[in-house]
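*Asks:* here is a sequence with its predicted model. Questions after.
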Amino acid sequence: MTQFRPRPGCVMRAYRFALDPNTSQENALRSHCGAARAAYNWAVGWVTAVWWQRAAEQSYGVADEALTEWRSWSLPTLRKAFNAVKRTDPRFASWWEENSKEAYSTGLANASAAFDNYAASRRGTRRGTKMGAPRFKSKRKARLACRFTTGSIRVEADALHKLTTSVTADYGTVVVEDLNVAGMLRNRRLARRIADAGFGEVRRQLTYKTGWYGSRLVVADRWFPSSKICSGCGAVKAKLPLHVRAYRCDTCGLSLDRDDNAARNLAALAACTTGTGVAGDQDTAPVVWKPRGADQRTRVTHTRHPAGAGRAGGATPPRQRRAETRDRPHAEARTLR
């Protein structure tokens with residue numbers, strides 16, 4: 001198998017992530033690792049079976065040209081032979097479909113590399129200690145390992161779906177910022193953390209889930225200075241470096257966390273735009289320029305149109321009912337059905 005080599009002038013960078021799987025995910029990972037070990041043992045037995053067969057035939061005086069043909073241990077040959085027997089071999093037939101093909105490829109590739117190292121060691125072309133013939137791996141002693149080498153590796157986020165579903169179902173209006181994520185990923189100090197946060201995926205899920213639950217998504221302009229505006233008096237700072245995590249207003253003396261200040265400003269922006277409560281701002285004290293308690297938590301209300309008494313001639317028209325709802329206090333408007 002050809003070894004990968006980076007192009008001249010290119011630097012390859014790798015990241016190591018620690019996973020925290022639940023019980024079902026851990027069982028799935030263990031199953032894949034066990035499948036890799038089983039494929040490795042099958043390959044070792046399939047190749048060495050011919051070795052023992054040839055040795056027995058030689059002991060019976062069979063001529064060399066009549067001996068059983070050698071079996072190749074190249075990875076393509078092992079894959080072809082394994083795919084031919086995995087559906088009929090009782091060792092694999094009942095469960096091989098439960099795991100990814102990458103698990104079996106891992107075991108077969110390890111077996112091919114082990115035979116290559118053994119052959120090179122016998123020829124004297126391999127450096128280091130002398131290698132023996134590949135042996136079967138024990139279920140209890142073998143290290144659990146499995147590689148995924150084709151396609152992209154993606155870890156579904158154990159949490160983004162729950163977060164976005166909860167937000168869109170509980171609040172009538174959700175506000176997000178139009179961040180330049182592609183530009184932020186160019187910062188080598190922040191790229192990994194930004195990628196882990198999944199900003200783009202959060203916005204994508206909020207976009208279609210607000211349509212599901214009848215809520216509204218407000219997108220703040222990319223140049224809206226949410227972090228630089230004082231949520232108390234409205235004063236705007238000229239500069240606010242990223243390493244400064246606490247916001248202190250030079251005009252009114254307000255002091256709070258930088259992200260909390262930005263969240264209040266985004267909540268006020270959405271409130272001024274829609275006149276409704278927004279997510280994430282239900283515990284902050286209202287200020288003058290937040291109309292009608294925009295910092296209170298609101299749920300999506302689905303308007304019904306019963307044909308009951310509202311005025312002469314039938315039910316109150318939907319347009320008039322919405323106007324009456326806006327005239328009521330915020331707490332009372334939440335209870336309308």
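*Replies:* That came through fine. Numbering: from 1, shown residues only.

*Asks:* so what are the domain limits for this protein?
*Replies:* Recorded structural domains for the chain (assignment: automatic domain parsing) are 24-123, 160-299.

*Asks:* between those, which gets nearest to Pro8?
*Replies:* Pro8 sits nearest to domain 160-299 of all the domains of the chain, at 21.3 Å, using Cβ to Cβ. Using the backbone N, CA and C atoms, a C-beta is placed for each residue, glycine as well.

*Asks:* check the offset of the closest one from the chain's centre.
*Replies:* 23 Å (Cα atoms, centre = their mean, to the nearest Å).

*Asks:* same deal with stretch 122-131?
*Replies:* The answer for stretch 122-131 is 43 Å, by Cα atoms, centre = their mean.

*Asks:* ok, back up a step: and the domains of the chain, which one's lowest on average pLDDT?
*Replies:* Mean pLDDT is lowest for domain 160-299 among these, at a mean of 80.

*Asks:* hmm, back to that, quick one: closest of the domains of the chain to Arg140.
*Replies:* domain 24-123 (10.8 Å).

*Asks:* distance between the ends of that closest one?
*Replies:* Chord length of domain 24-123, first to last residue, is 46 Å (Cα to Cα, to the nearest Å).

*Asks:* for the stretch 51-200 of the chain, what spans make up the strands?
*Replies:* Taking DSSP state E, counting those that start in this stretch as the criterion, the stretch 51-200 of the chain carries its strands at 173-177.

*Asks:* make CSV out of the domains of the chain and add distance to Ala142 and mean neighbour count.
*Replies:* Shown next, in CSV, are these (distance: least, Cβ to Cβ, whole Å; neighbours: other Cβ atoms under 10 Å):
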stretch, distance to Ala142, mean neighbour count
domain 24-123, 5, 16
domain 160-299, 31, 16
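
*Asks:* which one of those domains lies nearest to Ala18?
*Replies:* domain 160-299 (11.8 Å).

*Asks:* surely Thr149 touches Ser105?
*Replies:* Yes - taking contacts as Cβ atoms under 8 Å, Thr149 lies within contact range of Ser105: 7.3 Å.

*Asks:* tabulate the domains of the chain (CSV), appending distance to Ala18.
*Replies:* CSV is the format used below for those (distance: least, Cβ to Cβ, whole Å):
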stretch, distance to Ala18
domain 24-123, 13
domain 160-299, 12
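
*Asks:* can you say which of those domains is nearest to Met131?
*Replies:* If we rank the domains of the chain by Cβ to Cβ, the stretch that ends up nearest is domain 24-123, at 3.8 Å.

*Asks:* quick one: contacts for Leu185?
*Replies:* 191, 194-195 (Cβ atoms under 8 Å, 6 or more residues apart in numbering).

*Asks:* can you put the residues you listed in a markdown table and add distance to Gly9?
*Replies:* Converted to a markdown table, the contacts of Leu185 look like this (distance: Cβ to Cβ, whole Å):
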| residue | distance to Gly9 |
| --- | --- |
| Ala191 | 20 |
| Ile194 | 26 |
| Ala195 | 24 |
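
*Asks:* Ala38 belongs to a strand?
*Replies:* No - counting by DSSP: H, G, I helix; E, B strand; the rest coil, Ala38 is not found in a strand; it is helix.

*Asks:* and it, how far from Ser215?
*Replies:* Ala38 sits 50 Å away from Ser215, taking Cβ to Cβ, to the nearest Å as the criterion.

*Asks:* just checking, Val50 touches Thr68?
*Replies:* Yes - counting by Cβ under 8 Å, Val50 touches Thr68, with 5.7 Å between them.

*Asks:* and of the domains of the chain, who's closest to Phe17?
*Replies:* Nearest of the domains of the chain (Cβ to Cβ): domain 160-299, 8.6 Å.

*Asks:* on that earlier part again, to Cys10, which of the domains of the chain lies closest?
*Replies:* Closest approach to Cys10 among these (Cβ to Cβ): domain 160-299, 15.4 Å.

*Asks:* next, the distance between the ends of stretch 243-250.
*Replies:* One end of stretch 243-250 sits 18 Å from the other (Cα to Cα).

*Asks:* residues near Thr129, how many?
*Replies:* Counted with other Cβ atoms under 10 Å, residues neighbouring Thr129 total 7.
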